[in-house]
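Student: Below are the sequence and a predicted model for it; my questions follow.
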Amino acid sequence: MATAAESNRVHVKSQKMIKPQSQFVLGLRRFARNRLALVGAIILFIIVFVTVFAPLFTHYSPNAANIMDTDAPPSPQHIFGTDDSGYDNLTRLLYGGRVDLTIAFVAAFMTMFLGTTYGAISGYVGGWVDSLMMRFVDVMLNFPFIPFIITLEAITNTANEWVLIAVVGFTAWPGAARFMRGVFLQLREQDYVIGARTIGARSSRLIFRHMLPNSLSVLVVLVSFSVAGFVGLNAGLSLIGLGLPINVASWGGLLAEHSNYLALRTEPYAWIPPAAMIVLTILSVNFMGDGLRDAFDPQARV
Amino acid sequence: MKKRTTLMSAAAVVSLSALLAGCSGGIGADAAARHDSIPNGGTMVQTFPTTFGTNLIPFMDASAYTATAVGYSFDSILQFNRNAVLEGDLVDKWSYSPDRTTIYFWLNPKARWSNGLYVTSKDVELGVDWLASKSYNTTYQGEYGYLVANIKGVPASGYLPDGQTPSGFKILGPREFSISMNQPDAAVLPSQWSGITPLPWYVLGNLPMSQWKSSAFNKMPNIGSGPYIMKGLVPGQSITQVANPYYVFGKPHIETNIWKVVSADVVTGQLASGQVTIAGIQAKDYKKMVALPNISVDVTPSNGFSYLGWRLNNSVYGKEFSNVKFRQAVEYAIDRNALVQAIDKGFGKPENGPLPPINGWYNPALNGTYAYSPAMANKLLDEAGFKIVNGWRTTPGGRPFAPTITISSGDTQIAVEANFLKQYLNAVHINVKISAPINFNTILNELDNDANGKQNIQGFFLAWSLSTDPDPRGLWRSTDNLNLTTIDWSNKKDPAIVENDKLIHLQHTAAAFDYSYRKNILDQWQVLLNQQLPENFLTMDDGLTAYNKSLHGVVFSPYGLLHPYEWYLTPSN
Amino acid sequence: MTAYIVRRLLGLIPTLFIITIIGFIMMHLMPGNAFQALLFNPKIKNGASLLKNLQDQNGLNLSWPQQYVNWIGQMAHGNLGNSFEYNQPVSQLIGEYLPNTLELALAAEIIILIAGIPLGVFQASKVNGKFDISTSFFAIFLFSVPGFIFALFLMFIFSFMLNWLPSIGTVTPGVSWSGDLGDRLSHLILPALSLSLPAIAGYSRLTRGNTLSVIVQDYVRTARAKGLRQNKVLFRHVLRNSIIPIVTQFGFDIGGLFSGAVLIEEIFTWPGMGELSVNAVLNRDYPLILATLMIFAVAVLIGNLIADLFLAAADPRIRYS
């Protein structure tokens, strides 16, 4: 009997010590259990690691055109050969990742930021303000993405990645705004919001303290899918001649440079790595996004 | 063709129909027998890298590709053979008057339109009227109006009211006519009048020229005087032509000629699979194309060169660019041999003056000038006062010196080469930047409208594609519009420019009818330009043409692919 | 229903209005008034007064609202300006190139619906089975590869290596069977596939989700209890109810299809609106750039309208909202 009482006491003690886990942490745990998502996260981490620490893996500079050694096939000095300007392909692959990833992430964040702010205000305020704001978003959504981007490029003459990011952010925010507005509309009707309002909480407090954190999970998923969408964007634009100038290394530029018949057939070492990097990045981000969505909102899983 | 974007100069334009060379004189029995044993029929496919314009009356459209296709349908009165010697085309005999101010022409009795009607002097007159007309020169693109500008009776404005014939053009008979000029001019025939193209009077003669653009004949000319007549057109995709049974040099062997729009990325694939018969390729593709079993590749020097131009009247840096030491330093700073190796893979030569090495009038004394020497470049820049501050040179007045070089889009090789140029100039501490690629026509537009130097363009990297005759008029005189709008080498106080104008004048006067005299003058002129470097001459890039082994008879020349009516296809297995 | 249609059409007008305003603003942001360049042309004497005349003639000295009204009036008459690059009226160019894009988009749409919907339905009918999981994984993979990479691959394999299919243009020039149905189809396959493959994945997942939510409904259980065969159940009851949202979703996704078409058309040299707008941008041909953008926007507008009408026809609740 004594043992039973002891074990009871122990039991009670350990119960007291368990903290309630927040939604967030629970979500993370669910995420960790999703194998595909984990694999995606690991791959993404590796990719980001090699691009950020590129100097560790290659001693060539991505900007030193070597006129003496152009179009060389793979050799011990150049594992992936060199391109038209004598740049080492491996170097351009690693440093180029920085550019594509920067464009993808920054543009995604910018889009989310603009879109969420707009959508939150619209969804929260409601009424005719909401209708008007959404009207504008609807109109903007009528312009297809890529034609709009290239039109803006014609006006701004993109010469570097920041202009491109600005252009992308400017074109893509309506989609995010519409989505987030829907989320906020939903959240507005939640009990805790109504409750908070009843006791007189200010709007800004409501938005920032209550609604935004709860929309975070949706936001994170949306960001991940946006990133996936934007990674290929630079590549696509380079392919039609509207990407970054050639002295800026990027996966898109590498792919575009080698997308003619002869390069496709005879220089697989030149185009397969950037294509693989693009696809791998998009895949891993998509898996992570899928995993995040399942983790934070299990009911969404069908 | 190597897709180097080319700038068509006024006088120095490739007169495309004048490119088609022919057999001179009659066909002997031997040649006739050979001609008969050659297989007839078949279809060949040639390419354009991008879309073309759809105005098919000669000289109407601004697109160079349209001009090429139209050139196959409408011949000019004379043409050049592979050695740049003038020969007969629709005209087979011509002679000068004793005072050299008039040339008499006789049309080839075999010259006919594709429906059998004979080509007459009235057709030639219509062709001249068209080029001299107000409609052509003001409403339409007017680029080839210069071909008739030197005919007596054409006013200084360069045009006459529609339909009015210049007084210098006289019809002497159904097949005879004469053209007169004001002063004896040795170059006007090869560089201008040879390109005059007869137009069918019975179709267009009674239609006002202002309505030609919207006419059915402009959309699809159903007759022509060239080897291939227009048959069909799919906008943005292809032009189809069929052999002209009444062609002046005999019906072409190949029955159908198709021009397809094929982008640079896929043209090599299309060549390999046989869907395209003949097309230009880039130097770096040479090795791989030559290795294909069904492909041959021809390498021919081209009659043109690439250059780095500077707006000498630019409001920001014009004064600095105008200093000849600056331009000479730039020439020393760039290793042109290395450029030929890297960009042309050895298929090319460094360019030293205004005429390319292949040109018969080229002065070999220019070879080897400005050998790569950063030391010389630095020395010249120091002498000119471009001091180095914080690693970059400033202007002699102390301002930061950071010129921008404008490049054209459309060919990735241009950006690659510009990148190398930047590195070379950076190595001598000139802080040069390369612009984002701009469309070629936009560059031309900006240059054309920059009389006060206020446009954005400072330096620019372009190329010339020259005409067969070396006559520098139209491009290099200080009064020439193209000079003013390209580099603006027109400062009359500069003795070099005075000398330039004088030499250019001498090379076309009456005395220049003597070959050695003209050669001497042109040699001096080339040396002058090599010393003065109004623009920095870079490289002459060979033209590489890949073609299917079943295609025979093509004459490759620096002036284009000649004799399309002699080409034939052997059946491929 | 008619009332809904009328309301919807009336609602289009303010949207069209704002679209044209945005277009007008962009037009003025574009650098380079064609007439200003004349000022610097040495051949033109007295450039300043000529400039003023031309600007007056072309209404450039009027107030912006007045210019806007003129511009709208011109557009209503079909005059969209002149292309610098092609030297042809823009409306003529669009007339030549737009049908090709519509042909491509339609073909892609058909492929997406024919492939995606049955796939989704079968996935749902055997939910979480081997078929479902393997094809779902494949679907995410398809979804992650950008359309243009597909295009390069397809062109590489089927055109360059196997030489089965052409890789340029819409028809084969110069042969007697040019323009035939077979000829057009052989040119259409590769671009249409490239355009549709990434979307098939999305649509199959959508269908799967919708079908699943329908399958658990009571009336399906009743049908099964009645003894109806699985296939009949699937296609007669389930599909009919889940298909509408998918088809309407398609109307909303037209914008994405046009977006993708731009890249695909460039790669396959397909002479459509995409290639037209890319060439226009590369050449800074401003009238053409503007016109193509507006046409795209209007096309998306119409697509949305049709989708909305479809939805309203299927779901009465919407008509009365």
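Tutor: That came through, no problem.
Student: Spell out which residues of the stretch 1-150 of chain C are next to chain A.
Tutor: C:14-15, C:18-19, C:22, C:26, C:29-31, C:140-141, C:143-146, C:148-149 (CB under 8 Å from any CB of the partner chain). No exception for glycine: its C-beta is placed from N, CA and C like everyone else's.
Student: again, but for the stretch 201-321 of chain C
Tutor: Counting by CB under 8 Å from any CB, the stretch 201-321 of chain C comes close to chain A at C:208-209, C:212-213, C:255-256, C:258-260, C:262-263, C:266-267, C:274, C:277-278, C:280-282, C:284, C:286, C:289-290, C:292-293, C:296-298, C:300-301, C:304.
Student: Can you flag the buried ones in those residues?
Tutor: Among those, those scoring as buried are C:208-209, C:212, C:255-256, C:258-260, C:262-263, C:266-267, C:274, C:277-278, C:280-282, C:284, C:286, C:289-290, C:292-293, C:296-298, C:300-301, C:304 (criterion: 16 or more other CB atoms under 10 Å in any protein chain shown).
Student: same for chain B: which of those residues are within range?
Tutor: Among these, proximity to chain B is found for C:E266, C:I267, C:L282, C:R284 (CB under 8 Å from any CB).
Student: So the first one: helix, strand or coil?
Tutor: Put plainly, it is C:E266. Counting by DSSP: H, G, I helix; E, B strand; the rest coil, the backbone at C:E266 sits in helix.
Student: quick one: contacts for the residue lying closest to it once chain neighbours are set aside?
Tutor: Take C:E266 and drop its neighbours on the chain: the residue closest to it by CB to CB, 6 or more residues apart in numbering or on different chains is A:I240, 4.4 Å away. Counting by CB atoms under 8 Å, 6 or more residues apart in numbering or on different chains, A:I240 makes contact with A:I150, C:V262, C:L263, C:E266, C:V278.
Student: and B:S296, that's in a helix?
Tutor: No - counting by three-state DSSP, B:S296 is not part of a helix but strand.
Student: Where do the helices of the stretch 1-150 of chain A begin and end?
Tutor: A:2-17, A:23-33, A:35-52, A:54-57, A:89-125, A:127-141, A:145-156 (DSSP state H, counting those that start in this stretch).
Student: The residue nearest the centre of chain C - nearest residue in space that isn't next to it in sequence?
Tutor: For chain C, C:F258 is the residue whose C-alpha lies nearest the centre (CA atoms, centre = their mean; 3.0 Å). Distance criterion CB to CB, 6+ apart; nearest residue to C:F258, sequence neighbours excluded, is A:P144 at 4.4 Å.
Student: taking the residues of the stretch 1-150 of chain C next to chain A one by one, which sit in helices?
Tutor: The helices, defined by DSSP state H, take in C:14-15, C:18-19, C:22, C:26, C:29, C:140-141, C:143-144, C:148-149 from those.
Student: Just the buried residues of those residues.
Tutor: Among those, those classed as buried by 16+ other CB under 10 Å are C:T15, C:I18, C:I19, C:I22, C:M26, C:I140, C:F143, C:S144, C:F148, C:I149.
Student: out of those, which touch chain B?
Tutor: Contacts with chain B within these, counted by CB under 8 Å from any CB: none were found.
Student: ok, now which ones touch the residue nearest in space to the middle of chain A?
Tutor: Centroid-nearest residue in chain A, with CA atoms, centre = their mean: A:V227, separated by 2.4 Å. A:V227 is in contact with A:A104, A:F105, A:A108, A:V285, counting by CB under 8 Å, 6+ apart.
Student: show me what contacts the first one?
Tutor: By that I understand A:A104. Going by CB under 8 Å, 6+ apart, A:A104 touches A:V227, A:A228, A:F230, A:V231, A:L233, A:T281.
Student: so who does C:G274 touch?
Tutor: By CB under 8 Å, 6+ apart, the residues touching C:G274 are A:P147, C:T101, C:F258, C:A261, C:V262, C:L263, C:I264, C:E265, C:E266.
Student: So the closest residue to the fifth one other than its chain neighbours, which state does it fall into?
Tutor: Think C:V262. Leaving aside its chain neighbours, C:V262 sits nearest to C:G274 (3.7 Å; criterion: CB to CB, 6+ apart). Classification of C:G274 using three-state DSSP returns helix.
Student: And C:G274, how close does it get to C:I168?
Tutor: Distance, C:G274 to C:I168, using CB to CB, to the nearest Å: 14 Å.
Student: likewise C:S277?
Tutor: Separation of C:S277 from C:I168 (CB to CB) stands at 19 Å.
Student: for chain B, what are the low-confidence residue spans?
Tutor: For chain B, applying pLDDT under 70 flags the ranges B:1-36, B:141, B:410, B:441, B:449, B:451, B:572-573.
Student: Show me the contacts of A:A104 that map onto helices.
Tutor: Using DSSP H, A:V227, A:A228, A:F230, A:V231, A:L233, A:T281 are the members of these that sit in helices.
Student: How about the closest residue to chain C within chain A, nearest residue that isn't a chain neighbour?
Tutor: Distance from chain C to each residue of chain A (CB to the nearest CB) is smallest for A:G232, at 3.6 Å. Leaving aside its sequence neighbours, A:G232 sits nearest to C:P146 (CB to CB, 6+ apart; 3.6 Å).
Student: ok, that neighbour touching A:S238?
Tutor: No - look at C:P146 against A:S238 with CB atoms under 8 Å: they stay out of range, at 11.9 Å.
Student: ok, these two, which is more surrounded?
Tutor: More crowded of C:P146 and A:S238, by other CB atoms under 10 Å in any protein chain shown: C:P146, with 24 against 21.
Student: ok, the more buried one - contacts?
Tutor: Shown in contact with C:P146 (CB under 8 Å, 6+ apart): A:G232, A:A235, A:G236, A:I278, A:I282, C:P198.
Student: pLDDT and neighbour count for these - can I get that in a markdown table?
Tutor: Below are these laid out as a markdown table (pLDDT from 0 to 100; neighbours: other CB atoms under 10 Å in any protein chain shown):
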| residue | pLDDT | neighbour count |
| --- | --- | --- |
| A:G232 | 81 | 27 |
| A:A235 | 83 | 26 |
| A:G236 | 85 | 27 |
| A:I278 | 89 | 25 |
| A:I282 | 89 | 23 |
| C:P198 | 82 | 21 |
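Student: can you map out the strands along the stretch 401-550 of chain B?
Tutor: Ranges of strands within the stretch 401-550 of chain B are B:404-407, B:433-434, B:459-465, B:536-537, B:539-541, B:543-548, based on DSSP state E, counting those that start in this stretch.
Student: contacting residues around the second one?
Tutor: Taking contacts as CB under 8 Å, 6+ apart, the residues outside strand B:433-434 that touch it are A:P245, A:N247, B:A402, B:P403, B:T404, B:I405, B:I407, B:A415, B:A418, B:N419, B:L421, B:K422.
Student: what does the first one give?
Tutor: Residues from elsewhere that reach strand B:404-407, judged by CB under 8 Å, 6+ apart: B:308, B:414-415, B:418, B:421-422, B:432-435, B:437-438, B:443, B:456-461.
Student: Cool, thanks, signing off.
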